[in-house]
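Enquirer: Make a model of this:
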Amino acid sequence: MWGEPGPPNQTPETFAAGFAHTRTVSVTPGQPSRIEGAAGSRYIDIPVTITATTDDGKTQRFEGTYTLRRSVVDGASDAQRRWRFYKATIHERT
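Expert: Numbers count the residues shown, from 1 in each chain. Okay, the predicted model is just below:
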C-alpha cells in the first residue's frame with residue numbers, strides 16, 4: 001500500500017524486519033482530515049491507534065497519523081491515482 005519508492009527512509013526489507021517479532025497488529029483509524037491539494041496531488045491525514053502483540057506476548061501501543069497521497073494530474077496511471085501511504089508519523093505510547 002506504500003507508494004513509490006516504499007516506506008520513507010527504509011527499504012522494503014528493513015520495513016518488514018521491523019515486524020519480525022510481531023504476532024498480531026490491530027489498527028483503529030480515527031476521523032480523517034479534509035482532503036488537501038498541492039501540485040497535482042491530493043493528501044489526507046488519518047489518525048490511528050495501533051496495538052501490537054509481540055512473540056513473547058508483550059502488548060505495545062502506538063499513536064500517530066498516516067498521510068495518504070494520490071495523483072490527480074492528466075496522464076497519471078491508474079496506480080498513481082489510487083490512494084497510497086505517503087508518510088507515517090507514529091510514536092509508541094508509554
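
Enquirer: From now on I want contacts and neighbour counts done on CA atoms only, so please keep to that.
Expert: OK.

Enquirer: So what's the residue count around the nearest residue in space to Thr49 that is not next to it in sequence?
Expert: Residue nearest to Thr49 in three dimensions, not counting chain neighbours: Glu63, with 4.6 Å by C-alpha to C-alpha, 6 or more residues apart in numbering. Glu63 has 18 neighbouring residues, counting by other C-alpha atoms under 10 Å.

Enquirer: Can you give me every residue that contacts Glu63?
Expert: 47-50, 90-93 (C-alpha atoms under 8 Å, 6 or more residues apart in numbering).

Enquirer: ok, then the element right after the strand or helix carrying it?
Expert: Under the criterion of DSSP states H and E, Glu63 resides in strand 59-71. Counting by DSSP H and E, the next helix or strand C-terminal to strand 59-71 is helix 78-81.

Enquirer: and that following helix, how far from the chain's centre?
Expert: Mean-position distance between helix 78-81 and its chain equals 17 Å (C-alpha atoms, centre = their mean, to the nearest Å).

Enquirer: Which neighbouring elements make contact with the helix or strand immediately after that helix in the chain?
Expert: On the C-terminal side of helix 78-81, the closest following helix or strand by DSSP H and E is strand 84-92. The helices and strands touching strand 84-92, judged by 3 or more C-alpha pairs under 8 Å, 6 or more residues apart in numbering; DSSP states H and E, are strand 59-71.

Enquirer: Give me the contacts around stretch 41-51.
Expert: 25-37, 59-73.

Enquirer: rewinding a little: can I get the contacts of Glu63 in CSV including distance to Thr11 and pLDDT?
Expert: Output for those, formatted as CSV (distance: C-alpha to C-alpha, whole Å; pLDDT from 0 to 100):
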residue, distance to Thr11, pLDDT
Pro47, 24, 98
Val48, 23, 98
Thr49, 24, 98
Ile50, 22, 97
Ile90, 18, 95
His91, 20, 96
Glu92, 21, 95
Arg93, 25, 91
